[in-house]
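Chemist: Give me the fold of what follows.
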Amino acid sequence: MNSRPLGLAALIFAAAAYAAPPDDLTSPADAGVEAAVEAEAPTDWVHGEHLTGEWGDARTWLASHGITFDLAYAGEVFSNAAQEAPGVNGAFTGHLDVAVTLDFEQMGLWPGGKFYVLGQNNHGTGINEFVGSSSEISNIEATPYTQLGEFFFEQSFFDVVKLRLGKQDANREFGTPRFGGNFINNNFGMLPSSPLPSYPTNGLGAVVVVTPVWWLALKGSFFEGSPKVGSFGFDSAFAPGAGNFVISSANVTHHFGANDKHVGTTTLGFFRQQGTIDEITDRAEPRVFDQSWGVFFQNDERLWLNPADKDDPRCFTFITRVGWAQPDRNLMPLFVGASLAYHGLGRRQDDTVGIGFGWFTVTRQANGTPGTGTEFFIEAFYKWRLTKFVSLQPDLQYYRTPGGDGRDALLLGARLKFKL
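Modeler: Presented below is the predicted three-dimensional model:
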(Lines give C-alpha, C1' and ligand atoms only; values in the text may rest on other atoms or scores of the structure.)
Protein backbone atom coordinates (compact mmCIF):
# COMPACT_ATOMS: atom_id res chain seq x y z
CA MET A 1 0.00 0.00 0.00
CA ASN A 2 1.24 3.49 -0.86
CA SER A 3 1.82 5.41 2.42
CA ARG A 4 2.55 8.80 0.87
CA PRO A 5 -1.12 9.76 0.31
CA LEU A 6 -1.91 8.77 3.89
CA GLY A 7 0.93 10.96 5.16
CA LEU A 8 -0.32 13.98 3.29
CA ALA A 9 -3.88 13.25 4.39
CA ALA A 10 -2.77 13.45 8.01
CA LEU A 11 -1.11 16.77 7.29
CA ILE A 12 -4.31 18.03 5.63
CA PHE A 13 -6.48 17.13 8.61
CA ALA A 14 -4.01 18.77 10.96
CA ALA A 15 -4.21 21.96 8.94
CA ALA A 16 -8.00 21.81 8.86
CA ALA A 17 -8.06 21.75 12.67
CA TYR A 18 -6.18 25.04 12.77
CA ALA A 19 -8.22 27.92 14.22
CA ALA A 20 -9.48 30.39 11.62
CA PRO A 21 -8.53 34.07 11.91
CA PRO A 22 -11.05 36.41 13.60
CA ASP A 23 -14.06 37.78 11.72
CA ASP A 24 -12.75 41.34 11.53
CA LEU A 25 -9.64 40.44 9.51
CA THR A 26 -9.87 41.04 5.75
CA SER A 27 -7.20 39.15 3.84
CA PRO A 28 -6.23 39.42 0.15
CA ALA A 29 -6.60 36.26 -1.87
CA ASP A 30 -3.57 34.40 -3.14
CA ALA A 31 -2.82 33.35 -6.74
CA GLY A 32 -6.42 32.67 -7.71
CA VAL A 33 -8.22 36.01 -7.27
CA GLU A 34 -6.80 39.35 -6.19
CA ALA A 35 -8.46 41.03 -3.21
CA ALA A 36 -10.18 44.37 -3.51
CA VAL A 37 -8.13 46.01 -0.78
CA GLU A 38 -4.85 45.40 1.00
CA ALA A 39 -4.97 44.16 4.55
CA GLU A 40 -3.24 46.05 7.31
CA ALA A 41 0.30 45.03 8.18
CA PRO A 42 0.26 41.81 10.21
CA THR A 43 1.02 42.04 13.88
CA ASP A 44 1.94 38.40 14.41
CA TRP A 45 3.04 35.31 12.52
CA VAL A 46 -0.40 33.74 12.09
CA HIS A 47 -1.71 36.85 10.33
CA GLY A 48 1.39 37.21 8.19
CA GLU A 49 1.94 36.56 4.50
CA HIS A 50 4.36 33.60 4.75
CA LEU A 51 4.68 30.35 6.67
CA THR A 52 8.35 31.07 7.41
CA GLY A 53 7.58 34.61 8.54
CA GLU A 54 9.60 37.70 7.69
CA TRP A 55 12.96 36.18 8.69
CA GLY A 56 13.50 38.68 11.49
CA ASP A 57 12.49 41.56 9.16
CA ALA A 58 15.25 40.55 6.72
CA ARG A 59 12.70 39.55 4.12
CA THR A 60 10.94 42.91 4.39
CA TRP A 61 14.22 44.82 4.21
CA LEU A 62 15.35 42.90 1.13
CA ALA A 63 12.02 43.50 -0.61
CA SER A 64 12.27 47.23 0.04
CA HIS A 65 15.68 47.13 -1.66
CA GLY A 66 14.50 45.27 -4.75
CA ILE A 67 15.15 41.62 -3.79
CA THR A 68 12.00 39.53 -3.45
CA PHE A 69 11.76 35.86 -2.51
CA ASP A 70 8.68 33.82 -3.46
CA LEU A 71 8.58 30.25 -2.18
CA ALA A 72 5.59 27.93 -2.45
CA TYR A 73 4.90 24.26 -1.90
CA ALA A 74 1.82 22.34 -3.05
CA GLY A 75 1.03 18.73 -2.23
CA GLU A 76 -2.02 16.85 -3.43
CA VAL A 77 -3.61 13.42 -3.22
CA PHE A 78 -6.05 11.96 -5.73
CA SER A 79 -7.85 8.65 -6.09
CA ASN A 80 -9.93 7.22 -8.94
CA ALA A 81 -13.12 6.09 -7.22
CA ALA A 82 -14.44 4.55 -10.45
CA GLN A 83 -11.53 2.16 -10.94
CA GLU A 84 -12.78 -1.40 -10.56
CA ALA A 85 -9.50 -3.27 -10.78
CA PRO A 86 -7.90 -4.17 -7.43
CA GLY A 87 -4.71 -2.51 -6.29
CA VAL A 88 -3.45 0.98 -5.65
CA ASN A 89 -5.24 3.67 -7.64
CA GLY A 90 -4.25 6.71 -5.59
CA ALA A 91 -1.45 9.15 -6.21
CA PHE A 92 0.51 11.83 -4.38
CA THR A 93 2.22 14.71 -6.20
CA GLY A 94 4.32 17.45 -4.62
CA HIS A 95 5.75 20.59 -6.19
CA LEU A 96 8.17 23.22 -4.86
CA ASP A 97 8.86 26.64 -6.40
CA VAL A 98 11.72 28.87 -5.23
CA ALA A 99 11.82 32.21 -7.05
CA VAL A 100 13.95 35.34 -6.72
CA THR A 101 13.18 38.67 -8.39
CA LEU A 102 15.73 41.46 -8.69
CA ASP A 103 14.09 44.84 -9.34
CA PHE A 104 16.83 47.05 -10.75
CA GLU A 105 14.70 50.20 -10.56
CA GLN A 106 14.04 49.67 -6.87
CA MET A 107 17.75 49.03 -6.41
CA GLY A 108 18.42 52.46 -7.91
CA LEU A 109 20.26 51.09 -10.94
CA TRP A 110 17.96 51.86 -13.91
CA PRO A 111 14.20 52.11 -14.49
CA GLY A 112 12.10 49.27 -15.77
CA GLY A 113 14.63 46.45 -15.42
CA LYS A 114 14.08 43.13 -13.65
CA PHE A 115 15.71 39.71 -13.48
CA TYR A 116 13.76 36.62 -12.46
CA VAL A 117 14.97 33.11 -11.66
CA LEU A 118 12.85 30.10 -10.66
CA GLY A 119 14.00 26.78 -9.26
CA GLN A 120 11.55 23.87 -9.30
CA ASN A 121 11.26 20.40 -7.84
CA ASN A 122 8.50 17.93 -8.64
CA HIS A 123 8.07 14.55 -6.97
CA GLY A 124 5.49 11.82 -6.66
CA THR A 125 3.16 10.14 -9.12
CA GLY A 126 0.38 11.88 -11.04
CA ILE A 127 -3.18 10.58 -11.00
CA ASN A 128 -3.21 10.37 -14.81
CA GLU A 129 -1.21 7.16 -14.50
CA PHE A 130 -4.49 5.56 -13.35
CA VAL A 131 -6.77 7.44 -15.76
CA GLY A 132 -5.05 7.71 -19.17
CA SER A 133 -6.18 11.12 -20.33
CA SER A 134 -4.49 12.64 -23.41
CA SER A 135 -3.51 15.63 -21.23
CA GLU A 136 -2.09 15.73 -17.73
CA ILE A 137 -4.97 16.07 -15.27
CA SER A 138 -3.35 18.17 -12.52
CA ASN A 139 -1.49 21.39 -13.24
CA ILE A 140 1.46 20.22 -11.11
CA GLU A 141 1.56 16.71 -12.54
CA ALA A 142 4.86 15.77 -14.20
CA THR A 143 7.61 13.17 -14.22
CA PRO A 144 9.75 13.83 -11.10
CA TYR A 145 12.46 16.40 -11.77
CA THR A 146 14.58 19.21 -10.34
CA GLN A 147 15.42 22.07 -12.67
CA LEU A 148 16.02 25.76 -13.17
CA GLY A 149 12.59 26.31 -14.63
CA GLU A 150 12.89 29.98 -15.61
CA PHE A 151 15.56 32.66 -15.80
CA PHE A 152 14.91 35.79 -17.78
CA PHE A 153 15.62 39.49 -18.01
CA GLU A 154 12.67 41.84 -18.39
CA GLN A 155 12.79 45.47 -19.46
CA SER A 156 9.86 47.90 -19.61
CA PHE A 157 9.89 51.11 -21.61
CA PHE A 158 7.53 53.91 -20.53
CA ASP A 159 4.77 51.41 -19.58
CA VAL A 160 4.18 50.87 -23.30
CA VAL A 161 6.66 48.17 -24.32
CA LYS A 162 7.82 45.16 -22.30
CA LEU A 163 10.62 42.89 -23.50
CA ARG A 164 11.49 39.57 -21.87
CA LEU A 165 14.52 37.44 -22.83
CA GLY A 166 15.52 34.06 -21.46
CA LYS A 167 14.06 30.71 -20.48
CA GLN A 168 10.42 31.25 -19.58
CA ASP A 169 6.94 29.79 -19.37
CA ALA A 170 4.95 30.96 -22.40
CA ASN A 171 1.80 30.42 -20.38
CA ARG A 172 2.76 33.59 -18.47
CA GLU A 173 1.52 35.70 -21.39
CA PHE A 174 -0.47 33.37 -23.62
CA GLY A 175 -2.29 30.91 -21.38
CA THR A 176 -5.45 31.30 -19.35
CA PRO A 177 -5.63 34.59 -17.42
CA ARG A 178 -5.05 34.64 -13.69
CA PHE A 179 -8.77 34.31 -12.95
CA GLY A 180 -8.57 30.61 -13.79
CA GLY A 181 -5.70 29.89 -11.41
CA ASN A 182 -7.81 28.27 -8.71
CA PHE A 183 -8.70 25.21 -10.77
CA ILE A 184 -6.48 22.15 -10.38
CA ASN A 185 -7.17 20.62 -13.80
CA ASN A 186 -4.29 21.34 -16.17
CA ASN A 187 -6.55 22.29 -19.06
CA PHE A 188 -7.75 25.44 -17.30
CA GLY A 189 -4.22 26.80 -17.16
CA MET A 190 -2.87 25.75 -20.54
CA LEU A 191 -3.84 25.95 -24.20
CA PRO A 192 -4.59 22.23 -24.70
CA SER A 193 -4.65 22.47 -28.50
CA SER A 194 -1.21 24.13 -28.64
CA PRO A 195 2.32 22.71 -28.06
CA LEU A 196 3.03 25.73 -25.88
CA PRO A 197 6.52 25.87 -24.28
CA SER A 198 5.16 25.72 -20.76
CA TYR A 199 5.38 23.84 -17.46
CA PRO A 200 7.32 21.66 -17.09
CA THR A 201 9.02 22.17 -20.49
CA ASN A 202 9.55 25.93 -20.41
CA GLY A 203 11.49 27.26 -23.38
CA LEU A 204 14.26 29.66 -24.27
CA GLY A 205 12.81 32.61 -26.12
CA ALA A 206 11.84 36.26 -26.43
CA VAL A 207 8.48 37.88 -25.68
CA VAL A 208 7.37 41.42 -26.59
CA VAL A 209 4.22 43.07 -25.21
CA VAL A 210 3.13 46.42 -26.64
CA THR A 211 0.32 48.40 -24.98
CA PRO A 212 -0.34 51.42 -27.22
CA VAL A 213 -3.56 52.28 -25.34
CA TRP A 214 -4.88 51.07 -21.99
CA TRP A 215 -7.44 48.71 -23.53
CA LEU A 216 -5.19 46.94 -26.06
CA ALA A 217 -2.16 44.68 -25.58
CA LEU A 218 -0.37 43.17 -28.59
CA LYS A 219 1.86 40.21 -27.76
CA GLY A 220 4.41 38.39 -29.86
CA SER A 221 7.08 35.78 -29.14
CA PHE A 222 9.72 33.49 -30.59
CA PHE A 223 10.63 30.29 -28.68
CA GLU A 224 12.75 27.23 -29.19
CA GLY A 225 10.76 24.47 -30.86
CA SER A 226 11.72 21.43 -28.77
CA PRO A 227 12.26 22.42 -25.11
CA LYS A 228 13.28 19.75 -22.61
CA VAL A 229 12.89 19.31 -18.87
CA GLY A 230 16.16 20.02 -17.06
CA SER A 231 17.72 21.90 -19.98
CA PHE A 232 18.93 25.50 -19.77
CA GLY A 233 17.65 25.83 -23.32
CA PHE A 234 20.93 26.62 -25.04
CA ASP A 235 21.52 22.98 -25.98
CA SER A 236 17.96 22.06 -27.00
CA ALA A 237 17.28 25.35 -28.82
CA PHE A 238 20.19 24.92 -31.24
CA ALA A 239 20.02 21.15 -31.71
CA PRO A 240 19.64 19.97 -35.34
CA GLY A 241 15.99 19.91 -36.36
CA ALA A 242 14.83 21.57 -33.14
CA GLY A 243 12.79 24.15 -35.03
CA ASN A 244 11.01 27.06 -33.41
CA PHE A 245 7.66 28.06 -31.97
CA VAL A 246 5.93 31.41 -32.57
CA ILE A 247 2.80 32.57 -30.77
CA SER A 248 1.09 35.96 -30.83
CA SER A 249 -2.18 37.46 -29.60
CA ALA A 250 -4.28 40.60 -29.38
CA ASN A 251 -5.88 41.28 -26.00
CA VAL A 252 -8.73 43.76 -25.63
CA THR A 253 -9.72 44.85 -22.11
CA HIS A 254 -13.04 46.44 -21.19
CA HIS A 255 -14.52 47.99 -18.03
CA PHE A 256 -18.14 48.64 -17.15
CA GLY A 257 -20.53 49.03 -14.21
CA ALA A 258 -20.22 51.22 -11.13
CA ASN A 259 -16.87 52.98 -11.09
CA ASP A 260 -15.94 50.85 -14.15
CA LYS A 261 -15.01 48.12 -11.69
CA HIS A 262 -16.29 45.14 -13.67
CA VAL A 263 -13.51 44.08 -16.03
CA GLY A 264 -12.92 41.56 -18.78
CA THR A 265 -10.37 40.66 -21.43
CA THR A 266 -10.99 39.11 -24.85
CA THR A 267 -8.03 37.39 -26.53
CA LEU A 268 -7.53 36.14 -30.06
CA GLY A 269 -4.26 34.40 -30.90
CA PHE A 270 -2.29 32.38 -33.42
CA PHE A 271 0.63 29.94 -33.13
CA ARG A 272 2.97 28.19 -35.55
CA GLN A 273 5.52 25.48 -34.87
CA GLN A 274 8.31 24.78 -37.35
CA GLY A 275 10.57 21.75 -37.37
CA THR A 276 10.23 18.03 -37.93
CA ILE A 277 6.63 17.09 -37.08
CA ASP A 278 5.35 13.54 -37.57
CA GLU A 279 1.82 12.95 -38.76
CA ILE A 280 -0.52 11.60 -36.08
CA THR A 281 -2.18 8.71 -37.87
CA ASP A 282 -2.88 4.99 -37.72
CA ARG A 283 -1.31 4.47 -41.14
CA ALA A 284 1.82 2.34 -41.44
CA GLU A 285 3.79 5.13 -43.16
CA PRO A 286 3.00 8.50 -41.56
CA ARG A 287 3.93 11.70 -43.35
CA VAL A 288 6.46 14.21 -42.00
CA PHE A 289 5.61 17.93 -41.93
CA ASP A 290 7.79 20.96 -41.49
CA GLN A 291 5.22 23.11 -39.69
CA SER A 292 1.97 23.12 -37.70
CA TRP A 293 -0.34 25.98 -36.84
CA GLY A 294 -3.49 26.80 -34.89
CA VAL A 295 -5.67 29.56 -33.44
CA PHE A 296 -7.25 30.20 -30.05
CA PHE A 297 -9.86 32.43 -28.43
CA GLN A 298 -10.54 33.15 -24.79
CA ASN A 299 -12.60 35.59 -22.79
CA ASP A 300 -12.53 36.23 -19.06
CA GLU A 301 -14.87 38.39 -17.02
CA ARG A 302 -14.78 39.54 -13.42
CA LEU A 303 -18.12 40.75 -12.08
CA TRP A 304 -18.17 42.26 -8.59
CA LEU A 305 -21.14 41.58 -6.34
CA ASN A 306 -21.01 45.10 -4.92
CA PRO A 307 -18.82 47.22 -7.23
CA ALA A 308 -19.58 50.46 -5.39
CA ASP A 309 -17.95 49.14 -2.20
CA LYS A 310 -14.15 48.98 -2.57
CA ASP A 311 -13.91 46.91 0.62
CA ASP A 312 -16.17 44.11 -0.65
CA PRO A 313 -14.04 41.36 -2.29
CA ARG A 314 -16.97 39.22 -3.45
CA CYS A 315 -17.01 38.59 -7.19
CA PHE A 316 -17.74 36.11 -9.97
CA THR A 317 -15.18 35.13 -12.59
CA PHE A 318 -16.25 33.51 -15.85
CA ILE A 319 -13.89 32.17 -18.54
CA THR A 320 -14.60 30.67 -21.98
CA ARG A 321 -11.92 29.14 -24.22
CA VAL A 322 -11.74 27.62 -27.70
CA GLY A 323 -8.64 26.31 -29.46
CA TRP A 324 -8.06 24.64 -32.84
CA ALA A 325 -4.96 23.16 -34.46
CA GLN A 326 -4.29 21.04 -37.53
CA PRO A 327 -5.67 17.60 -36.62
CA ASP A 328 -3.20 15.51 -38.63
CA ARG A 329 -0.26 16.80 -36.58
CA ASN A 330 -1.70 17.59 -33.14
CA LEU A 331 -2.95 15.05 -30.59
CA MET A 332 -5.70 17.37 -29.23
CA PRO A 333 -6.71 19.54 -32.19
CA LEU A 334 -10.00 20.99 -30.88
CA PHE A 335 -10.73 22.21 -27.35
CA VAL A 336 -13.80 23.94 -25.90
CA GLY A 337 -14.07 24.85 -22.23
CA ALA A 338 -15.61 27.21 -19.69
CA SER A 339 -15.44 27.85 -15.95
CA LEU A 340 -17.32 29.83 -13.32
CA ALA A 341 -15.95 30.72 -9.88
CA TYR A 342 -17.21 32.76 -6.94
CA HIS A 343 -14.80 34.46 -4.56
CA GLY A 344 -15.83 35.87 -1.21
CA LEU A 345 -17.01 32.96 0.95
CA GLY A 346 -15.93 32.13 4.47
CA ARG A 347 -15.45 34.12 7.63
CA ARG A 348 -12.85 36.35 6.00
CA GLN A 349 -14.65 36.44 2.65
CA ASP A 350 -11.50 34.90 1.23
CA ASP A 351 -12.57 31.43 0.05
CA THR A 352 -13.37 30.47 -3.53
CA VAL A 353 -15.73 27.90 -5.04
CA GLY A 354 -15.80 26.98 -8.72
CA ILE A 355 -16.99 24.62 -11.41
CA GLY A 356 -15.74 24.18 -14.98
CA PHE A 357 -15.73 21.77 -17.91
CA GLY A 358 -13.69 20.95 -21.00
CA TRP A 359 -14.28 18.92 -24.17
CA PHE A 360 -11.65 18.05 -26.74
CA THR A 361 -11.00 15.73 -29.66
CA VAL A 362 -8.21 13.12 -29.66
CA THR A 363 -6.55 12.28 -32.99
CA ARG A 364 -4.98 9.00 -31.81
CA GLN A 365 -6.96 7.18 -29.13
CA ALA A 366 -5.04 5.79 -26.17
CA ASN A 367 -6.21 2.17 -26.42
CA GLY A 368 -5.86 1.81 -30.18
CA THR A 369 -9.46 2.35 -31.30
CA PRO A 370 -9.30 3.53 -34.95
CA GLY A 371 -10.37 7.06 -35.80
CA THR A 372 -10.82 10.23 -33.76
CA GLY A 373 -12.12 10.12 -30.19
CA THR A 374 -13.28 12.69 -27.67
CA GLU A 375 -12.74 13.44 -24.00
CA PHE A 376 -14.98 15.35 -21.61
CA PHE A 377 -14.21 16.43 -18.05
CA ILE A 378 -15.83 18.49 -15.34
CA GLU A 379 -14.24 19.85 -12.15
CA ALA A 380 -15.70 21.31 -8.96
CA PHE A 381 -13.66 22.63 -6.03
CA TYR A 382 -13.76 24.61 -2.81
CA LYS A 383 -10.62 26.53 -1.89
CA TRP A 384 -10.45 27.17 1.83
CA ARG A 385 -7.85 29.79 2.74
CA LEU A 386 -7.06 29.04 6.36
CA THR A 387 -4.53 31.89 6.52
CA LYS A 388 -2.80 34.06 3.97
CA PHE A 389 -0.14 31.36 3.60
CA VAL A 390 -2.09 28.09 3.89
CA SER A 391 -4.95 26.89 1.71
CA LEU A 392 -6.77 23.57 1.59
CA GLN A 393 -8.67 22.64 -1.58
CA PRO A 394 -10.97 19.59 -1.85
CA ASP A 395 -11.47 18.73 -5.51
CA LEU A 396 -13.82 16.55 -7.56
CA GLN A 397 -13.30 15.68 -11.24
CA TYR A 398 -15.18 13.43 -13.63
CA TYR A 399 -13.69 12.20 -16.92
CA ARG A 400 -15.71 10.75 -19.77
CA THR A 401 -13.74 8.44 -22.13
CA PRO A 402 -10.22 9.62 -21.16
CA GLY A 403 -7.77 9.16 -24.00
CA GLY A 404 -10.70 8.96 -26.40
CA ASP A 405 -11.56 5.34 -25.65
CA GLY A 406 -10.70 4.87 -21.98
CA ARG A 407 -12.88 3.94 -19.01
CA ASP A 408 -14.71 6.78 -17.26
CA ALA A 409 -13.01 8.10 -14.11
CA LEU A 410 -14.29 9.80 -10.95
CA LEU A 411 -11.43 11.56 -9.17
CA LEU A 412 -11.52 12.58 -5.53
CA GLY A 413 -8.66 14.63 -4.16
CA ALA A 414 -7.36 17.55 -2.16
CA ARG A 415 -4.49 20.01 -2.44
CA LEU A 416 -2.65 21.62 0.45
CA LYS A 417 -0.64 24.72 -0.50
CA PHE A 418 1.83 26.80 1.50
CA LYS A 419 3.40 30.17 0.78
CA LEU A 420 6.72 29.64 2.52
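
Chemist: what's the pLDDT at Pro240?
Modeler: The model reports Pro240 with a pLDDT of 82.

Chemist: the helices in the stretch 201-350 of the chain, which residues?
Modeler: In the stretch 201-350 of the chain, helices defined by DSSP state H, counting those that start in this stretch lie at 234-237, listed in chain order.

Chemist: cool, and the stretch 1-150 of the chain?
Modeler: Counting by DSSP H, counting those that start in this stretch, the helices of the stretch 1-150 of the chain are 4-16, 58-64.

Chemist: Give me the spatial nearest neighbour of the spatially most central residue of the chain, chain neighbours excluded.
Modeler: When the chain is reduced to its mean C-alpha position, the closest residue under CA atoms, centre = their mean turns out to be Gly189, at 4.1 Å. Spatially, and ignoring its direct neighbours in sequence, Gly189 is nearest to Asn139 (4.9 Å; CB to CB, 6 or more residues apart in numbering). Every residue, glycine included, has its C-beta placed from N, CA and C.

Chemist: Just give me the neighbour total for that neighbour.
Modeler: 22 (other CB atoms under 10 Å).

Chemist: thought it was touching Pro192?
Modeler: No: taking contact to mean CB atoms under 8 Å, the distance of 11.8 Å between Asn139 and Pro192 leaves them out of contact.

Chemist: need the least confident one among the helices of the stretch 1-150 of the chain, by mean pLDDT.
Modeler: Looking across the helices of the stretch 1-150 of the chain, the weakest by mean pLDDT turns out to be helix 4-16, at a mean of 40.

Chemist: how about the strands in the stretch 151-300 of the chain?
Modeler: For the stretch 151-300 of the chain, the strands defined by DSSP state E, counting those that start in this stretch occupy 161-168, 203-213, 216-224, 244-256, 262-278, 288-304.

Chemist: Could you dump those into TSV with mean neighbour count and mean pLDDT added?
Modeler: Output for the strands of the stretch 151-300 of the chain, formatted as TSV (neighbours: other CB atoms under 10 Å; pLDDT from 0 to 100):
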stretch	mean neighbour count	mean pLDDT
strand 161-168	19	98
strand 203-213	18	97
strand 216-224	19	97
strand 244-256	17	96
strand 262-278	17	94
strand 288-304	18	94
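
Chemist: for those strands, which one sits closest to Val336?
Modeler: Of all the strands of the stretch 151-300 of the chain, the one in closest proximity to Val336, counting by CB to CB, is strand 288-304 (10.1 Å).

Chemist: partners of that closest one in the sheet?
Modeler: According to DSSP bridges, the neighbouring strands of strand 288-304, each with its direction, are strand 262-278 (antiparallel), strand 315-325 (antiparallel).

Chemist: Might you calculate how far the shortest one sits from the centre of the chain?
Modeler: Mean-position distance between strand 315-325 and its chain equals 14 Å (CA atoms, centre = their mean, to the nearest Å).

Chemist: for stretch 219-233, same thing?
Modeler: Computed by CA atoms, centre = their mean, the separation of stretch 219-233 from the middle of its chain amounts to 17 Å.

Chemist: Contacts for it, please.
Modeler: The contact list for stretch 219-233 (CB atoms under 8 Å, 6 or more residues apart in numbering) reads 142-143, 145-148, 167, 170, 173-174, 197, 200-210, 236-237, 239, 241-251, 269, 273-275.

Chemist: run the last query once more with 6 Å
Modeler: 145, 147, 167, 173, 197, 200-201, 203-209, 236-237, 242-249, 275 (CB atoms under 6 Å, 6 or more residues apart in numbering).

Chemist: How about stretch 134-154?
Modeler: Outside stretch 134-154, the residues touching it (CB under 6 Å, 6+ apart) are 74, 93, 95, 114-123, 126-128, 164-168, 184, 186-187, 189, 192, 200, 202, 229-230, 331-332, 362, 403.

Chemist: Gln120 bridge partners, please.
Modeler: Residues in a beta bridge with Gln120, per DSSP bridges, are Asp97, Gln147.

Chemist: and it, how far is that from Phe78?
Modeler: Relative to Phe78, Gln120 is positioned 20 Å away (CB to CB, to the nearest Å).

Chemist: Next one: Phe152 from Tyr116, what distance?
Modeler: In this structure, Phe152 lies at 6 Å from Tyr116, with CB to CB as the measure.

Chemist: Please tell me I have it right and Asp395 contacts Phe381.
Modeler: Yes: taking CB atoms under 6 Å as the definition, Asp395 is a contact partner of Phe381 at 4.6 Å.

Chemist: before we move on, the earlier item: quick check: phi and psi on the residue nearest to the centre of the chain?
Modeler: Phi and psi for Gly189, reported as degrees, to the nearest 10, are phi -110, psi 0.

Chemist: I'd like the distance between it and Ser79.
Modeler: Computed as CB to CB, the Gly189 to Ser79 distance reads 22 Å.

Chemist: do Thr363 as well
Modeler: With distances taken as CB to CB, Thr363 is found 29 Å from Ser79.

Chemist: These two - which one has more neighbours?
Modeler: Each of Thr363 and Ser79 has its neighbours counted (other CB under 10 Å); Thr363 has more, 23 against 17.

Chemist: what residues are up against the more buried one?
Modeler: Neighbour list for Thr363: 280, 327, 331, 372 [criterion: CB under 6 Å, 6+ apart].

Chemist: cool, and Phe297?
Modeler: Shown here is Phe297, whose contacts under the criterion CB under 6 Å, 6+ apart are 268, 322.

Chemist: so where is the stretch 1-150 of the chain shaky, pLDDT-wise?
Modeler: For the stretch 1-150 of the chain, the stretches with pLDDT under 70 are 1-43, 85-87.

Chemist: just the strands in it please.
Modeler: For the stretch 1-150 of the chain, strands defined by DSSP E, counting those that start in this stretch occupy the ranges 67-80, 90-103, 113-124, 145-157.

Chemist: Buried residues in the last one, which are they?
Modeler: It refers to strand 145-157. With burial defined by 16 or more other CB atoms under 10 Å, the residues of strand 145-157 counted as buried are 147, 149-152, 154-156.

Chemist: same thing with the first one?
Modeler: By neighbour count, and taking 16+ other CB under 10 Å as the criterion, the buried residues in strand 67-80 are 68-69, 71-80.

Chemist: try the shortest one
Modeler: For strand 113-124, the neighbour count (16+ other CB under 10 Å) marks 113-114, 116-120, 122-124 as buried.
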